[in-house]
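> dropping the sequence and predicted coords here.
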Amino acid sequence: MAPVAPRSGDAIFANVERVNAELFTLTYGAIVRQLLTDLEEVEEVNKQLDQMGYNIGVRLVDEFLAKSNVSRCVDFKETAEVIAKVGFKMFLGVTASVSNWDAEGTTCSIILEDNPLVDFVELPDTCQGLYYCNILSGVIRGALEMVSMKTEVTWLRDMLRGDDAFELQVKLLKQVPEEYPYKDDE
Amino acid sequence: MKQYINVLDRPLSKGKQEVSLSGFAFLFSELVQYNQTQVDNIAELERRLEDAGYAVGARILELLCHREKGNRRETRLLGILSFMHSTVWKALFGKVADSLEKGTEHEDEYMISEKELLLNRFISIPKDMGAFNCGAFVAGIVRGVLDNAGFPAVVSAHFVPVEGQQRPRTTILIKFAEEVLQREARLG
């Protein structure tokens, strides 16, 4: 049977069930507000958002692989492209772009112009250290870890802090070879 | 040079943008899981979900009144209920609520029912959590809208088993405060 060709982000997004982005935005806002009330320290909230994102990413990658039919990515460059074009489109309905590759091809920036998480949001002076969209960095980290890539994801530009776009820096730390869970001779 | 764009100066979106249902489901599941770590019992968990929903409701009321209704807010009871049942539900869940009924036992009770709440689609409640319903989040949204529109009420979410259907349907029970009914009676 011929393998199914990978589908573009738009095609998949048109086929999945969708929900109003405002419900999504407001729910995320409620989550961040709850965390701020409970944890109070902005650093703690950042960490908790990252952890939540990690939990999501770990399960999200299964759905991503199932729905998008992408073949195994040859190198990290392709991985980043796939995340930006297919992944973001499929789940958030927006496309991101990839740029700023370093010489070895292990670090790149994913740039988002449009971000449904931050509609209607303004950071007050008391929360200036907050990375509001930190859940996204956790999602990418979690998803990549499930496909054997250990990465570090940090924010370079944040529109809520006055920059003109959202820029995430994804750095590949190492490729973990997949371990076969069963011993062959048992 | 940093540009601090005042969020109030930005144009309001039309509300047509969408995200995937699974993305929302993942986010909601994290909300519930996080709250589970913060509480000891079900009542607390429901209350926290309701509080989260309250904030959503308050904001969606402002947004919809401004965008859809030209800054006019309903002042009558039936008006706000039908606003809830059609406009709010349509904006949040993409369809009007399945039904809106008046309670038969008490004057101040109304029920909005939904065959399967969007939120509960991917959620199964373990037996030891008894009557817990993640619809508490939606109950919170309803309470937020009603409270901020000037109709204080106690809102809760319940599962109602239905014949011939595998999953029970969800009913949001709205019990209006005394002052709302008095005001309604005065307005005729």
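Cool, the structure landed.

> can you list the weak-confidence ranges in chain A?
A:1-7, A:183-186 (pLDDT under 70).

> how about the strands in chain A?
A:18-20, A:96-99, A:107-112, A:149-157, A:166-175 (DSSP state E).

> chain B is nearest to which of these?
Minimum separation from chain B across those (C-beta to the nearest C-beta) falls at strand A:18-20, 4.0 Å. Heads up, the C-betas are built off the backbone N, CA and C, glycines and all.

> contacts for the closest one next, please.
A:93, B:15, B:17-21, B:24, B:91-94, B:118 (C-beta atoms under 8 Å, 6 or more residues apart in numbering or on different chains).

> residues contacting stretch B:70-88, please?
Outside stretch B:70-88, the residues touching it (C-beta under 8 Å, 6+ apart) are B:60-61, B:64-65, B:68-69, B:96-97, B:100, B:110, B:112, B:141-142, B:145-146, B:149-151, B:174, B:176, B:180, B:184, B:187.

> can you flag which of those belong to helices?
Judged by DSSP state H, helices contain the following of the contacts of stretch B:70-88: B:60, B:61, B:64, B:65, B:141, B:142, B:145, B:146, B:180, B:184, B:187.

> narrow those to those that are buried.
For the ones in helices among the contacts of stretch B:70-88, a neighbour count by 16 or more other C-beta atoms under 10 Å in any protein chain shown gives the buried set as B:60, B:61, B:64, B:65, B:141, B:142, B:145, B:146, B:180, B:184.

> turn the residues you listed into CSV, columns for pLDDT and distance to residue A:45.
As requested, these are exported to CSV (pLDDT from 0 to 100; distance: C-beta to C-beta, whole Å):
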residue, pLDDT, distance to residue A:45
B:60, 88, 24
B:61, 88, 27
B:64, 86, 29
B:65, 85, 31
B:141, 90, 23
B:142, 90, 28
B:145, 90, 27
B:146, 90, 30
B:180, 87, 37
B:184, 85, 43
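
> now, which of these lie close to chain A?
The overlap between these and the neighbours of chain A (C-beta under 8 Å from any C-beta of the partner chain) comes to residue B:60.

> from the buried ones among the ones in helices among the contacts of stretch B:70-88, which is closest to chain A?
Among these, and counting by C-beta to the nearest C-beta, the member closest to chain A is residue B:60, at 6.4 Å.

> report the contact partners of that closest one.
Contacts of residue B:60 by C-beta under 8 Å, 6+ apart are A:22, A:26, B:88, B:91, B:92, B:141, B:144, B:145.

> does residue A:23 touch residue B:90 like I think?
No: here residue A:23 does not reach residue B:90: they are 11.5 Å apart, not a contact under C-beta atoms under 8 Å.

> so those two - more neighbours on which side?
Set side by side, residue A:23 and residue B:90 show more neighbours around residue A:23, with 23 against 15, by other C-beta atoms under 10 Å in any protein chain shown.

> which one is that one nearest to, not counting chain neighbours?
Nearest residue to residue A:23 in three dimensions, chain neighbours excluded: residue B:92, at 4.7 Å (C-beta to C-beta, 6 or more residues apart in numbering or on different chains).

> thought residue B:141 was touching the one you found, still the case?
Yes: Residue B:92 is within contact range of residue B:141, at 7.2 Å (criterion: C-beta under 8 Å).

> in chain A, what residue lies closest to chain B?
For chain A, C-beta to the nearest C-beta, closest residue to chain B: residue A:162, 3.6 Å.

> pretty sure residue A:147 is in contact with residue A:61, am I right?
Yes: contact status for residue A:147 versus residue A:61: in contact at 6.4 Å, counting by C-beta under 8 Å.

> who has more neighbours, the two?
residue A:61 (19 against 15).

> the more buried one and residue A:141, how far apart?
Counting by C-beta to C-beta, to the nearest Å, the gap from residue A:61 to residue A:141 is 11 Å.

> contact partners for the most centrally placed residue in chain A?
With distances taken as C-alpha atoms, centre = their mean, chain A has residue A:140 as the residue nearest its mean C-alpha position (3.5 Å). Residue A:140 makes contact with A:53, A:57, A:83, A:110, A:151, A:153, A:168, A:170 under the criterion C-beta under 8 Å, 6+ apart.

> does the lengthiest helix in chain A come close to chain B?
Criterion DSSP H: the longest helix present in chain A is helix A:42-68. Yes: residues of helix A:42-68 contacting chain B under C-beta under 8 Å from any C-beta: A:48, A:52, A:55, A:56, A:59, A:60, A:63.

> between those, which is nearest residue A:102?
residue A:60 (26.5 Å; C-beta to C-beta).

> so that closest one sits against residue A:88, correct?
No: Residue A:60 is beyond contact range of residue A:88, at 11.5 Å (criterion: C-beta under 8 Å).

> thinking again about what came up before, buried residues in the longest helix of chain A?
Residues A:42, A:45-46, A:48-61, A:63-64, A:67-68 are the ones in helix A:42-68 that count as buried (16+ other C-beta under 10 Å).

> ditto for stretch A:88-98
A:88, A:89, A:90, A:91, A:92, A:93, A:94, A:95, A:96, A:98.

> how many residues are close by residue B:117?
Neighbour count of residue B:117, defined by other C-beta under 10 Å: 21.

> for it, give me the pLDDT.
On pLDDT, residue B:117 comes in at 78.

> how about the nearest residue to residue A:82, chain neighbours excluded?
Residue A:82's closest residue in space is residue A:70 (C-beta to C-beta, 6+ apart), at 5.7 Å.
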